[in-house]
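Visitor: Quick check, what structure comes out for this input:
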Amino acid sequence: MINPWLQFLICAVIIVLAGSRLTGNAAIVAKKTGIGTAWAGVLLLPLATSLPELVTTLSAVAINAPDLATGNILGSCLFNIAILFVIDLVEGKGPLSSRISQAHIITVSLSIMTISLASIGLLGVTYFPIGWIGLETLLIAGVYLLGSRLIYVNEKKAFVEIKAADNIYIQGKDLTVGRALTNFLIAAIFILVSGLLLVNATDRIAIETGLGYTFVGSIFLAISTSLPELVTTMSAVRLGFSDMAVANIFGANFMNLFIIFIADLFYSKGPLLSAASEGNILSALMVVMLSSIFVFGLLFRSDRTVIRVGFDTLLIFLGYLTAALMLFKVGGN
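Guide: Numbering: from 1, shown residues only. Now for the predicted structure:
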């Protein structure tokens, strides 16, 4: 059997390469169909980059591990928000939240709504299942479907211009929408397979190192499955699509919460969130808090920086480190 560290590295490289292709072709589709980069970032990219979360969460449900399934989703959301700090630091053009569209507030707010519903489900105070599915996860699905429509309508009203993306990856050739979508799907397949193998390597590494179960699910496994979001987001930043990068982050979080609904459909022992431990509420509340900090930054629009980044993204990064430390303490068992 291949060394887990080597397997992890190989899969990471494949995801990096596939993620770059994913972003460019999503930009081409956005340009040629007129759907806008924010919509592409919120709905198109997360369909592919959230595949590892979907597969690993369903796998956890199959082995009756609701804590691992829930921790993976919430931990991924937490890590995704921390990527905002990386974007701000890499660009170094002033506070990120002062340079991007305030339309992102819609997606962030929808994400906060769904994560709040998940928190209520984790508390188990309502416990009003519809069949074997939790009421909260049904509401999450409803918010996702209606919110997706809202995002699309809003993007059509306030179109976010993108730089010419026709020849980003294939020099001298004008890609059609069909070809771009084909390339997108191929890259998504590579991400799916590599994501599965990446998680397998991560599980083996976790066993060898003896890290706590909660910590592994919420931090280590979550970071591994969020690697596609990191790669595609930074690729979008490199190409100059800051709005697509930010939309991908919160779009992925929005999609991740919808995955909880899908997982609940396959968890036949009752509402999934009620079966998970209340310790996952820590991750959920931190996601809400860090998302709210970014909304404040989008509204305040400060031009001041600290170490090349805005105050909001710096606070987000420090908040993520604090959350990781707390999760390690509560999950180190």
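
Visitor: can you give me the helices for the stretch 51-200 of the chain?
Guide: Taking DSSP state H, counting those that start in this stretch to define them, one finds helices in the stretch 51-200 of the chain at 51-62, 66-91, 104-123, 135-157, 177-209.

Visitor: highest average neighbour count across the ones you listed?
Guide: Compared across the helices of the stretch 51-200 of the chain, helix 66-91 shows the largest average neighbour count, a mean of 25 (mean count of other CB atoms under 10 Å). For every residue, glycine as well, the C-beta is placed using N, CA and C.

Visitor: Could you tell me the angle between that helix and helix 177-209?
Guide: Relative orientation of helix 66-91 versus helix 177-209 (axes from the mean of the first three to the mean of the last three CA atoms, to 10 degrees): 120 degrees.

Visitor: Identify whichever of the helices of the stretch 51-200 of the chain lies nearest to S291.
Guide: When these are compared by CB to CB, helix 104-123 sits nearest S291, at 5.2 Å.

Visitor: Kindly provide the distance from L138 to P66.
Guide: When CB to CB, to the nearest Å is applied, the distance between L138 and P66 equals 17 Å.

Visitor: K93: neighbour count?
Guide: Using other CB atoms under 10 Å, K93 has 12 neighbouring residues.

Visitor: Now it. Nearest residue, chain neighbours left out?
Guide: R99 (6.5 Å; CB to CB, 6 or more residues apart in numbering).

Visitor: what do you get for L84?
Guide: The shortest distance from L84 to any non-neighbouring residue, by CB to CB, 6+ apart, is to T313 (5.0 Å).

Visitor: show me the contacts for that neighbour.
Guide: Contacts for T313 (CB atoms under 8 Å, 6 or more residues apart in numbering) come out as 84-85, 87-89, 95-97, 294, 297.

Visitor: where does the stretch 101-250 of the chain have low pLDDT?
Guide: Scanning the stretch 101-250 of the chain for pLDDT under 70 picks out 126-127, 152, 154-175, 210-217.

Visitor: Okay, and the residue nearest the centre of the chain sits in which element?
Guide: Here the mean C-alpha position of the chain is nearest to the C-alpha of A252 (CA atoms, centre = their mean), at a distance of 3.3 Å. Counting by DSSP states H and E, the element that carries A252 is helix 242-266.

Visitor: on that earlier part again, identify whichever of the helices of the stretch 51-200 of the chain lies nearest to L9.
Guide: Nearest of the helices of the stretch 51-200 of the chain to L9, taken as CB to CB: helix 177-209 at 8.7 Å.

Visitor: before we move on, back to that, could the helices of the stretch 51-200 of the chain go into JSON lines alongside distance to M326?
Guide: Listed next are the helices of the stretch 51-200 of the chain as JSON lines, based on distance: least, CB to CB, whole Å:
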{"stretch": "helix 51-62", "distance to M326": "22"}
{"stretch": "helix 66-91", "distance to M326": "11"}
{"stretch": "helix 104-123", "distance to M326": "16"}
{"stretch": "helix 135-157", "distance to M326": "24"}
{"stretch": "helix 177-209", "distance to M326": "19"}
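
Visitor: Nearest residue to L68 in space, ignoring adjacent ones along the chain?
Guide: The shortest distance from L68 to any non-neighbouring residue, by CB to CB, 6+ apart, is to A60 (4.1 Å).

Visitor: Would you mind measuring from the one you found to V287?
Guide: For A60, the distance to V287 - CB to CB - is 19 Å.

Visitor: Ok, V13 next?
Guide: Distance of V13 to V287, given as CB to CB: 29 Å.

Visitor: quick one: which of the two has more around it?
Guide: Taking other CB under 10 Å, V13 and V287 do not tie; V287 has more neighbours (31 against 11).

Visitor: tell me the SS of the more buried one?
Guide: helix (DSSP: H, G, I helix; E, B strand; the rest coil).
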